[in-house]
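Peer 1: Provided below are the primary sequence and the corresponding predicted coordinates.
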Amino acid sequence: MSGGTEIPVRVTRVTPVAHRIKRFRFERLDGRPMPYFSGGAHVIVSMNDNGHVRRNAYSLMSAPYDCSAYEISVLHVEDSRGGSSFMHEKVREGDEMRVSHPVNLFQPDWRGRKHLLIAGGIGITPFIAMMEQFAREGACFKMHYAIRTRDRGAYCEDLVARYGSHRVKIYCDAEDSRIPVARLLDSQPLGTHLYVCGPAGMIDGVLKTGLEAGWPEQNLHSERFLSSQPGKPFSIELTRSGKTVHVGHHESMLEAIEAAGIDAPFLCRGGACGQCETMVALCDGRLLHNDVYLTDEEKASGRKVMLCVSRFEGKALHLDL
């Protein structure tokens, strides 16, 4: 049911790459190759923080054809719930950790005649492996990458040097430079596919612009990993397990259920994939849906909830687990 078998790994390299961003390299403890993956894939990294297990999704950014190791980049977010702080403050070279097998919810559509990539901030990470794969396959692509300041722009110089300034364009907020999204979307040849990853507002804006410009919905691809928002503590009754689970202020329902020894399903842990969708047996109160998977109608019905990012306010919540 859950995220599958984990791979024991060793952290073989930790590299600061930009302001509040570090790159981590994982190699298998048994010396075997890592499973193959395609550009856009992610893994779940398990972190044992003094007995409390945190699990966060991170995009794989090593070359997809290089199975010697996996590499990720982690932004130390200001309001971290613990995962990014753990990675930045506690993980050292030589540490042993566990990662999931790769999952891809952001795959390139190889039917595209051209691939237009738009990234914001740490949203560049899934595109690094994707661009490597596009280049290796001889696919036509262009990257437009927005950063706040030059010191926060991870991999800017590396990407321009590798793929050329004709394929990688950098835009810096501090220099009053913005991606001309509307103009870009109006000037692409038929058969172009667009991919966007970055802050939620940026993703929403790009997708809205694409639809308004007449792009087919199936040609618009996005990836966003949401996190569970803090809120008032509450309790859940699990009808099949017969357990009562308390969800803390900074804890997701999924994390609390796992801590109680219940094997709950997940893939992305970010409200996007639908794997942790759970039926609601009773809801005396209000579900706070924070996912991007359920439709507005499904959210309004109160019959389903995504465990990884949603919360609850009220008297009683019973879930079919």
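Peer 2: Received the coordinates, thanks. Numbering: from 1, shown residues only.

Peer 1: C-alpha only now, for contacts and for neighbours.
Peer 2: Noted.

Peer 1: now stretch 72-89: buried residues?
Peer 2: Of all the residues in stretch 72-89, those buried under the rule 16 or more other Cα atoms under 10 Å are 72-76, 81-88.

Peer 1: could those go into TSV alongside secondary structure, distance to residue 275 and pLDDT?
Peer 2: Listed next are the buried residues of stretch 72-89 as TSV, based on DSSP: H, G, I helix; E, B strand; the rest coil; distance: Cα to Cα, whole Å; pLDDT from 0 to 100:
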residue	secondary structure	distance to residue 275	pLDDT
72	strand	23	98
73	strand	24	97
74	strand	24	96
75	strand	25	94
76	coil	27	94
81	coil	22	71
82	coil	23	74
83	helix	21	85
84	helix	23	90
85	helix	26	91
86	helix	26	93
87	helix	25	95
88	helix	28	96
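
Peer 1: check these and tell me the two furthest apart.
Peer 2: 72 and 81 (18.8 Å; Cα to Cα).

Peer 1: in contact with the closest residue to residue 39 other than its chain neighbours, which residues?
Peer 2: Leaving aside its sequence neighbours, residue 39 sits nearest to residue 130 (Cα to Cα, 6 or more residues apart in numbering; 3.9 Å). Shown in contact with residue 130 (Cα atoms under 8 Å, 6 or more residues apart in numbering): 38-40, 108.

Peer 1: for residue 194, same thing?
Peer 2: Residues in contact with residue 194 (Cα under 8 Å, 6+ apart) are 115-118, 219-221.

Peer 1: and for residue 150?
Peer 2: By Cα under 8 Å, 6+ apart, the contact set of residue 150 is residue 172.

Peer 1: look up phi and psi at it.
Peer 2: phi -60, psi -40 (degrees, to the nearest 10).

Peer 1: what's the separation between it and residue 156?
Peer 2: 9 Å (Cα to Cα, to the nearest Å).

Peer 1: where does the chain dip in pLDDT?
Peer 2: 1-4, 80 (pLDDT under 70).

Peer 1: can you pull up the most central residue in it?
Peer 2: Compute the mean C-alpha point of the chain, and by Cα atoms, centre = their mean the closest residue is residue 225, 3.6 Å away.

Peer 1: quick check: which element contains that one?
Peer 2: Using DSSP states H and E, residue 225 maps to neither a helix nor a strand.

Peer 1: pretty sure it contacts residue 270?
Peer 2: Yes: using Cα atoms under 8 Å, residue 225 is in contact with residue 270, at 4.4 Å.
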